[in-house]
Each structure stands twice: as C-alpha cells, then as structure tokens.
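1. Quick one, fold the following:
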Amino acid sequence: MTEYRDGGTRAFRFTGSWQQYAPIAFTNLLLTIVTLGIYSFWGKARTRRYLWSRTIFIDDRLEWTGTGLELFIGYLLAIVFFALPFGLINLILQGVMMRGHPGAGGLIVMLLYLTALFLVGVARFRALRYRLSRTLWHGIRGGSDEQGVGYGLGYFWRSLVAMLTIWLMTPWSMAKLWNTRWNAMSFGSLRFHSAARWQPVFGRFLLFYLAPVVLFAAMGVLIGIVAGVGGTQAFRPGQVPSGGLIVTFVLAGLAFYLIFFGLLGLIAMAFFSAFFREAVGATTLGDLSFGFEATTRDWVMLFLGNYALIFFTFGIGYIFVPYRNWAFFVRHMAAYGSVATDALTQSQTREPGQGEGLLDAFDVGAF
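-> Modelled structure (predicted):
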C-alpha cells in the first residue's frame, strides 16, 4: 500500500523544465509548418509523452501511450462524419434563404445549433475517456465503458437550462456535468466519484453576473459628470465640442474599457478558481481524495504570463503554453489517502481506437 503523507513529499510532482521542452516545442513548430499542419497531431502526442514522463504521482511516473496517428485518424473521422454533413446542410440553408423561406432557414439554423451542442458534449466525454485510456501509472490505465451519448444529452439539456435562465444557472450546469463526466470514469479497478456542489461558488458567479450592469451604470454616471464639466454649450445642435472635451471623452472611454474587461476578467478568474477547487476537492478515486491549491492570484499570473509570452514573441511563444499549463496543474494538485498498488488491477474498460478528433473539429480541445 502506497500512502501520501500531507506535509511530506507531495503526491504530484513535476520534474520538467522549459529548457528540456524547448527542442521538442521548436521541432514540433517547424515540422507543423513544413507539413502544412499535418504534423501537429504527432507533435501533440510527442508533447504529451514528455509532460507525462516528467510527472510523478506518489512513487511512479505517468506514461502517455497515445500516438499521433490515433489523433490524426480521429480528426479525419470527425471531418468525414460531422464537418462535411454540416457543410452540406449549410449549402442547403443558403439555398432555402435565397428562395425566400426565412422561417425554414431559421428552423435549420436552430437544429444545427442544437445538434452541435449535443456533439460538443459527446466530444468532451470521449476526449476525457481517450486521455485516461492512454495514461499509464504502474502499468495501469483508465477509461470508461460509456460511449458519451448519455453525457451528450445531459450536456445538451443542462446547457439549455443555463441559457433559458439567461445563464444564471451556469454554476449548477457546470457542477452537474463535472460530476456526470467523472462518475463515468475509472482507473484500473477503481472508480472515480465526484459530488461537486454549485452552491458554494454561486456567490462569486453572481458577482460576475451582475458586474457588467454595475459597470455600465457607472459609465452612465461618468458620462454625466464629463458632460457637466464640459458644460451644456458643447452639446447644443450645431455646436462643435472643444478639443479638450473630445480628449476627455476618449480618455474616459479608454479607462472604462480597461476597467470593464480587467475587472470582469478578475471576477471571472475568482469564480473559476473557486469552482475548480470545489470540483477537484469533491472528486475521489478509491481511498484517494484530491485537492487543488491554486488561488485566484495563481490563475491570474498563469494567464498574464501566457498572454505576455505570446504577445512579446509575436505569437511564437504559444508553443510553450501547453508546458506552462501542465506544470501549473501538476504543481497545484494534491492527493490525500492511500493506494493499494498490489490490489490495483488493470482496467477492463474498452480502449477507444481513435483520438480526440471530434473535440478538435469543434475546436474545444485542451492541448
């Protein structure tokens, strides 16, 4: 039995460095450019092999066994079975609209959107199932026997509930979907169990939800103040505002823009960090429980660092974002409890044959 002692050696450790990863990142970039993007699937698999191999959980390293060919085949299948039919339906839609049938066109658009919503849910489930099935620890892999159709339907109607309540029930939807997804997964002979709650994080979400209303009200007050300072003479018909007043308005608008998106981003980050701590903390695997220790400040520093890296390198620094994200998650993950490695047997779940093509086709995949 392998135990993790809180306060001792951490259960999760990351031993990689950006200097080691740099040759992999630059080689992947070069080969992806030369092959017009085709090598990106093999580059993704190569990146994962490095990141997994530098991740230690308790007493052994993780191992990634997925291949670039699996990811490539999965993407091709997604294009053939989903992207092409959607493209044909879009052509039919254009024909219907050109013939003057806006009602039928609107119905087609709605059906397309609802179908895409269901498929995104299926994609998220199958991507997690695939990643667990290709992750080894002590030679044991994870996975799920479910195909993701049930989760896709749950994703569909819970997302609709969130939309119909003008997104007010988003935390409820997120927590329920997290639980549904992880409760269907297993690792070896052990099953995951999650009971994440949405109530503890609803206050932060409500702050994010109401912040735009408050900020726009503040903007209205600011405009009134500026107008008062400029005097009513500047707003008479035919009266050209003074240069100073125009500059004042421009600066006020710029300040509002920066405050609006900056403050809204911070509030959103505060909600997401709280949700992730709640969700991970409510997830168990056998006698193991998990925790995530990143604070809002940690998340902000991660995203600011990523944006700065991309901006100051004219986009090239994006190749290091997968490394930074993975290192961040591993270094803030915690585990408590014990694992009976002698009793842990190989997973009997079916191994999916392809990669995350559907998720990539909808552009909602992680690295």
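2. And the helix or strand harbouring L119, what does it pack against?
-> Assessed by DSSP states H and E, L119 sits inside helix 102-133. Taking 3 or more Cβ pairs under 8 Å, 6 or more residues apart in numbering; DSSP states H and E as the contact definition, the neighbouring helices and strands of helix 102-133 are helix 84-98, strand 140-143, helix 149-164, helix 170-183, helix 357-361. C-beta here means a position set from N, CA and C on the backbone, and glycine is covered the same way.
3. The fourth one versus helix 102-133: what angle between them?
-> What that stands for is helix 170-183. Using axes from the mean of the first three to the mean of the last three Cα atoms, to 10 degrees, the direction of helix 170-183 lies 50 degrees away from that of helix 102-133.
4. could the helices and strands packed on helix 102-133 be laid out in JSON lines, adding mean pLDDT and distance to L302?
-> JSON lines is the format used below for the helices and strands packed on helix 102-133 (pLDDT from 0 to 100; distance: least, Cβ to Cβ, whole Å):
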{"stretch": "helix 84-98", "mean pLDDT": "75", "distance to L302": "34"}
{"stretch": "strand 140-143", "mean pLDDT": "94", "distance to L302": "26"}
{"stretch": "helix 149-164", "mean pLDDT": "95", "distance to L302": "26"}
{"stretch": "helix 170-183", "mean pLDDT": "97", "distance to L302": "20"}
{"stretch": "helix 357-361", "mean pLDDT": "55", "distance to L302": "22"}
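5. next SSE after the helix holding L119?
-> Using DSSP H and E, the helix or strand that follows helix 102-133 towards the C-terminus is strand 135-137.
6. What lies in contact with that next one?
-> When contacts are defined by Cβ atoms under 8 Å, 6 or more residues apart in numbering, strand 135-137 is touched by residues 52, 57, 60, 62-65, 141-142, 187.
7. Go through these and name the one nearest L119.
-> Closest approach between the contacts of strand 135-137 and L119, by Cβ to Cβ: G142, at 23.3 Å.
8. And the closest one, how far from S347?
-> Relative to S347, G142 is positioned 6 Å away (Cβ to Cβ, to the nearest Å).
9. Please apply the same query to F314.
-> Computed as Cβ to Cβ, the F314 to S347 distance reads 44 Å.
10. Comparing the two, which residue is more hemmed in?
-> Between F314 and S347, counted using other Cβ atoms under 10 Å, the more crowded position is S347 (20 against 7).
11. For that one, give me phi and psi.
-> phi -60, psi 140 (degrees, to the nearest 10).
12. Got the confidence number for the nearest residue to L190 once chain neighbours are set aside?
-> When the adjacent residues along the chain are set aside, L190 lies closest to G286, with 4.0 Å between them (Cβ to Cβ, 6 or more residues apart in numbering). Reading off the per-residue confidence, G286 sits at a pLDDT of 91.
13. ok so, going back, so which of the helices and strands packed on helix 102-133 is the most packed in?
-> helix 357-361 (a mean of 24; mean count of other Cβ atoms under 10 Å).
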